[in-house]
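just a sequence and a predicted model for now, questions to come.
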Amino acid sequence: MNNRETFLDIQAMRVRIPILKIILAAIIILTGSTPVSADIWQPEEMRPWALTDIPHGWSVVSEKNETENPDNAAFTASSPDKKTRIKYILDQTHKEMTKDEIKTFQAGYMSKLGFRICMTKDPIITTDNEKMSYQQTYVRGTEDAAVIGSLIYPEWGQAHYALIMEGSQAVADYYELIPPLMHEHIRPAITDDIISDEEQLQLE
C-alpha cells in the first residue's frame with residue numbers, strides 16, 4: 001500500500017467515525033423517547049380491599065399512610081419521562097355519589113391542577129350491575145390534557161383517577177390508549193365485606 005492509499009483510508013475513517021456517532025446518538029434519542037408500553041400493566045396494591053394496576057415500568061409515590069387512612073388511598077404513577085402521570089384516589093367511606101356530585105368533584109379537583117373542562121368532548125357515562133362510571137376530558141393551555149374518571153361501586157366505595165399529560169407528545173402517546181383501560185385496573189378486591197345483602201341471602 002502506497003502513501004496515497006494510506007492517506008485516503010485515514011481520511012475515509014475520519015468521515016465515517018462522525019457519521020457513526022450521529023447514527024448512534026439518533027438511536028439513543030429515539031429509544032429514550034419511546035413511551036413504555038401502557039398495554040402491559042403490573043399490580044400495585046395500596047389497600048387490601050382494592051385491586052389496582054399501573055402501566056409497566058412506571059414509578060409510584062403514595063400520598064396517604066395506610067395506618068392513618070385505612071379506608072382511603074391516594075397515589076401517583078409516573079411515566080419514565082415524568083411527562084405523564086396517573087393519580088389514583090380510593091375511598092371506602094363514601095359509597096355513592098350522584099352524577100352532579102361527581103361532576104362537582106371532578107371540576108374542583110382539576111381546577112386545582114389548572115385545568116378546565118374541554119367543551120368539545122362530551123362525558124362518557126356507563127352503568128352496569130356493579131358500578132357507574134363517569135369520565136371527562138380537561139385541557140390546560142394549548143398542549144396539556146387530562147382525563148378524569150370516577151367509578152362508583154355502591155357495595156364497595158368509590159375510585160377516581162386522573163390521567164395528566166403534559167405536552168403534545170404525551171397526549172399523542174396516551175390519550176387514546178389509557179383511559180379506556182382504567183376501569184379494568186381499579187376494581188374491588190372480593191371480600192365478605194362487599195357482598196351485598198341480596199347475594200348473602202342467595203349464598204345462604
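It's in. None of the values given here were measured: they were computed from a predicted structure.

once you drop chain neighbours, what's closest to Q136?
Take Q136 and drop its neighbours on the chain: the residue closest to it by Cβ to Cβ, 6 or more residues apart in numbering is P123, 4.6 Å away. C-beta coordinates here come from the backbone N, C-alpha and C atoms, glycine included.

hang on, I meant H94
Q158 (6.1 Å).

and that neighbour, which of the three is it?
Put simply, Q158 is strand when judged by DSSP: H, G, I helix; E, B strand; the rest coil.

phi first, then psi, for K99.
Dihedral angles of K99 (phi, psi; degrees, to the nearest 10) stand at phi -60, psi -40.

report all helices and strands that the helix or strand harbouring R85 contacts.
Take DSSP states H and E as the rule and R85 turns out to sit in strand 84-91. Helices and strands touching strand 84-91, as assessed by 3 or more Cβ pairs under 8 Å, 6 or more residues apart in numbering; DSSP states H and E, comprise strand 50-55, strand 72-78, strand 157-165, helix 168-174.

the residue nearest to H94 contacts T98, doesn't it?
No. Taking Cβ atoms under 8 Å as the definition, Q158 is not a contact partner of T98, at 11.7 Å.

between the two, which one's more packed in?
Q158 (22 against 10; other Cβ atoms under 10 Å).

many thanks, I have nothing further to ask.
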